[in-house]
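Colleague: Pasting a predicted model and its sequence here:
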Amino acid sequence: MLQVQITEHTTDGREITRYSNRKYRTMRGVGKDLEQFQRVYHEPRYTLAIIGEPEQRRTRDNSAAIGQVHVGDIFHCMWGYDMTFNDFYEVVAVSATGKTVTTRRIAVRMDGDPCSPARARVRPVLTGDRFIGEPERHLLQAYNNSIYIHINSFSDAFLMEPEDYVRTYDENHLD
């Protein structure tokens, strides 16, 4: 870990050493901290230095997801706080490396009223004109034994098994 060391050389010959509160993994982060300290400790009696060793950047190991997804596979995303919504995404293309997929959101078949206390049951439409919206590219990611794609800031969609395509899911639009 890297941090900024501030050494003050006093008039009586002593050295007082202090350290920044924050620690960084890379030189880029500690460099910004150093610039701020240089504005405050600009007098000649102060010596500023970066101490420590940088660490390797962390990368996610998504190798478990590569090659596991094919055109026609469906991802399921359930989201909502008080209400429950279900979105389904069908893979329409897989990159040559197998690291990314292009998906399109697909329509749902709803049984019941989502605004009633009894809720509605939904499942993805698998045939006919089922696509909603434009194609989107997503990076495949893996966590434990699950493969997923990140849809937006509040939801992820997980790869479904083919037997789950006909299963129904609860949907509730009551707040």
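Modeller: Great, that's in hand.

Colleague: Could you report the distance from the closest residue to residue 113 other than its chain neighbours to residue 80?
Modeller: Of all residues not flanking residue 113 in the chain, residue 120 sits nearest, at 5.9 Å (Cβ to Cβ, 6 or more residues apart in numbering). All C-beta spots, glycine's among them, are computed from the backbone N, C-alpha and C. Residue 120 is 13 Å from residue 80, where distance means Cβ to Cβ, to the nearest Å.

Colleague: what's the answer for residue 174, then?
Modeller: Going from residue 174 to residue 80 by Cβ to Cβ gives 11 Å.

Colleague: Comparing these two, which shows the higher neighbour count?
Modeller: Remark: of residue 174 and residue 80, residue 80 carries more neighbours, 14 against 11, as counted by other Cβ atoms under 10 Å.

Colleague: contacting residues for the more buried one?
Modeller: residue 172 (Cβ atoms under 8 Å, 6 or more residues apart in numbering).

Colleague: Give me the pLDDT value at it.
Modeller: On pLDDT, residue 80 comes in at 87.

Colleague: now residue 175
Modeller: Value listed for residue 175 in the pLDDT field: 69.

Colleague: Just the terminal-to-terminal distance for stretch 36-54.
Modeller: Using Cα to Cα, to the nearest Å, the span of stretch 36-54 from its first residue to its last is 20 Å.

Colleague: Equivalent analysis for stretch 164-174, please.
Modeller: End-to-end distance of stretch 164-174 (Cα to Cα): 25 Å.

Colleague: In it, which of the residues would be classed as buried?
Modeller: Neighbour-count burial for stretch 164-174, with 16 or more other Cβ atoms under 10 Å as criterion, is recorded at 169, 171-172.

Colleague: hang on, the earlier thing: touching both of residue 120 and residue 80, which residues are there?
Modeller: Common neighbours of residue 120 and residue 80, using Cβ under 8 Å, 6+ apart, are residue 172.

Colleague: if we take the buried residues of stretch 164-174, which one ends up nearest to residue 84?
Modeller: Comparing the buried residues of stretch 164-174 against residue 84 with Cβ to Cβ places residue 172 closest, at 4.5 Å.
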